[in-house]
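Colleague: What follows is a predicted structure for the sequence shown.
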Amino acid sequence: MNSPAIEVLGITVRYGRTVALDRVTVLVQPGRICALIGTNGSGKSSLFKAIMDIVKPDHGTIRLAGGKAAGARRAGLVGYVPQSEDVDWSFPLRVRDVVMMGRYGLMDFARRPSTTDVLAVDQALTRVELIDKADRQIGQLSGGERKRAFVARGLAQDASILLLDEPFAGVDKRSEVTISAVLRELADTGRTVLVSTHDLGALYGLADEAVLLMNRVIVHDRPEVVLQPHYLAEAFGLQMRRVDDPVPGGPPIDERPTDEDPPSDGAPADPAPDVDPPAGTLPADPPRTTEDGDPT
Ligand SMILES: Nc1ncnc2c1ncn2[C@@H]1O[C@H](COP(=O)(O)OP(=O)(O)OP(=O)(O)O)[C@@H](O)[C@H]1O
Ligand SMILES: [Mg+2]
């Protein structure tokens with residue numbers, strides 16, 4: 001089997017006294033779409049930020065694309081669509097400039113876009129149906145259009161790993177379908193996608209597997225397993241339903257898994273043991289890469 005594209009091994013992330021992630025292990029194989037679900041504050045964004053080196057785990061290891069995380073990030077192998085709240089929308093950039101930023105890692109020192117770069121940006125904007133708004137200031141887009149602009153940036157980057165923090169929040173059905181289809185196309189060509197969402201009903205259509213977070217991993221398995229009522233009750237405090245009630249948007253009852261079904265490839269083993277904590281503190285935005293090797 002290939003090594004996982006995303007290897008998060010036993011990471012702990014703290015903000016002061018708040019433990020956002022407690023020995024979290026998540027492995028995702030290449031070509032898979034893994035959804036990240038959990039309540040507000042369950043640590044989804046913190047996991048993305050740890051992978052992007054925006055926050056430093058106290059413990060644990062992160063490897064990306066089969067190698068050191070810092071090297072993969074530097075090589076532009078990881079695209080990141082942050083949660084909207086983490087973006088300064090007043091920044092005076094046109095939509096096409098934002099998407100072009102995805103190409104920076106592929107450009108030389110002077111960052112002069114080549115014809116190939118311009119073409120890649122146009123193609124990405126066309127794919128997310130934003131080409132007609134390419135010259136608008138990013139802050140002048142609607143919420144759903146902003147999400148699509150950031151997905152276009154990830155597309156233009158041609159990253160092998162794409163991290164999307166709530167790309168469906170506040171978007172209409174059409175944008176949701178567009179973004180989902182783009183993610184599936186990426187996975188079909190071997191890219192790996194980690195995507196957080198609050199839309200549990202859409203999990204079947206979206207993801208191959210899902211991680212249910214509650215500052216630790218409650219379960220990582222196929223959507224139909226993760227959406228079982230006892231897991232949802234644990235994570236969301238929801239009412240238990242009868243076991244033969246169908247899960248919303250899920251397969252018919254007679255196609256649901258049995259206890260004998262094996263877990264998916266991406267299901268994690270027990271959390272890896274803690275390793276020595278990396279040096280450093282908890283920095284704020286924006287994303288950055290380290291210069292002195294891989295801290296994770
Ligand atoms: N910069 C910060 N400083 C202090 N605490 C933080 C910071 N960022 C996150 N936290 C805390 O860490 C925990 C995890 O937050 P995180 O943003 O990762 O959750 P989330 O699952 O992304 O939530 P949401 O669904 O609301 O986006 C929460 O308790 C949150 O209050
Ligand atoms: Mg979040």
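Modeller: Thanks, I have the structure now. Ligands and ions are numbered 1, 2, ... in the order given.
Colleague: Can you show me the strands along the protein?
Modeller: Assigned by DSSP state E, the chain shows strands spanning 6-15, 18-28, 33-37, 59-64, 67-68, 78-81, 161-165, 192-196, 209-213, 217-221.
Colleague: Report whether the last one contacts ligand 1.
Modeller: No. Contact between strand 217-221 and ligand 1, assessed by CB under 6 Å from any ligand atom, is absent, since the two come no nearer than 12.8 Å. (C-beta placed from N, C-alpha, C; glycine too.)
Colleague: Which of the strands of the chain has the lowest mean pLDDT?
Modeller: Sorting the strands of the chain by mean pLDDT places strand 78-81 lowest, at a mean of 90.
Colleague: residues touching residue 89, list them.
Modeller: By CB atoms under 8 Å, 6 or more residues apart in numbering, residue 89 lies in contact with 138-139, 146.
Colleague: and residue 188, how many neighbours does it have?
Modeller: Close neighbours of residue 188, defined as other CB atoms under 10 Å, add up to 10.
Colleague: so how far is residue 103 from it?
Modeller: As judged by CB to CB, to the nearest Å, residue 188 and residue 103 stand 23 Å apart.
Colleague: now the helices for the stretch 1-150 of the chain?
Modeller: For the stretch 1-150 of the chain, the helices defined by DSSP state H, counting those that start in this stretch cover 44-51, 69-74, 95-101, 115-127, 143-157.
Colleague: want to throw the strands of the chain into CSV with mean neighbour count?
Modeller: Converted to CSV, the strands of the chain look like this (neighbours: other CB atoms under 10 Å):
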stretch, mean neighbour count
strand 6-15, 22
strand 18-28, 21
strand 33-37, 24
strand 59-64, 23
strand 67-68, 16
strand 78-81, 26
strand 161-165, 24
strand 192-196, 26
strand 209-213, 27
strand 217-221, 21
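Colleague: Now render those as CSV, adding distance to residue 43.
Modeller: Formatted as CSV, those follow (distance: least, CB to CB, whole Å):
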stretch, distance to residue 43
strand 6-15, 7
strand 18-28, 5
strand 33-37, 9
strand 59-64, 13
strand 67-68, 23
strand 78-81, 16
strand 161-165, 12
strand 192-196, 10
strand 209-213, 5
strand 217-221, 10
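Colleague: So which of those is nearest residue 228?
Modeller: Of all the strands of the chain, strand 217-221 sits nearest to residue 228, with 8.3 Å by CB to CB.
Colleague: which strands and helices sit next to the closest one?
Modeller: Judged by 3 or more CB pairs under 8 Å, 6 or more residues apart in numbering; DSSP states H and E, strand 217-221 is in contact with strand 18-28, strand 209-213, helix 223-226, helix 229-236.
Colleague: quick check, the first one touching ligand 1?
Modeller: Read it as strand 18-28. Yes. Strand 18-28 is in contact with ligand 1 by CB under 6 Å from any ligand atom, via 18, 20.
Colleague: could I have that strand exported to CSV, CA atoms only?
Modeller: Once non-C-alpha atoms are left out, strand 18-28 reads as follows in CSV (Å, rounded to 0.1, in the frame of the first residue of the first chain):
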residue,chain,number,x,y,z
THR,A,18,-7.6,25.1,26.0
VAL,A,19,-6.8,21.7,24.5
ALA,A,20,-8.1,22.0,20.9
LEU,A,21,-6.7,18.7,19.8
ASP,A,22,-5.8,15.8,22.1
ARG,A,23,-3.5,13.2,20.6
VAL,A,24,-5.2,13.3,17.2
THR,A,25,-4.2,10.7,14.6
VAL,A,26,-5.6,11.0,11.1
LEU,A,27,-4.3,9.0,8.1
VAL,A,28,-5.7,9.6,4.6
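Colleague: Need the distance between the two termini of stretch 2-10.
Modeller: 20 Å (CA to CA, to the nearest Å).
Colleague: and what of stretch 124-143?
Modeller: With CA to CA, one end of stretch 124-143 sits 18 Å from the other.
Colleague: contacting residues around it?
Modeller: 84, 89-99, 102, 121-122, 145-146, 148-149, 151-153, 155-156, 169-171, 178-179, 182.
Colleague: From these, keep the buried residues only.
Modeller: By neighbour count, with 16 or more other CB atoms under 10 Å, these hold 84, 93-99, 102, 121-122, 145-146, 148-149, 151-153, 155-156, 169, 171, 178-179, 182 as buried.
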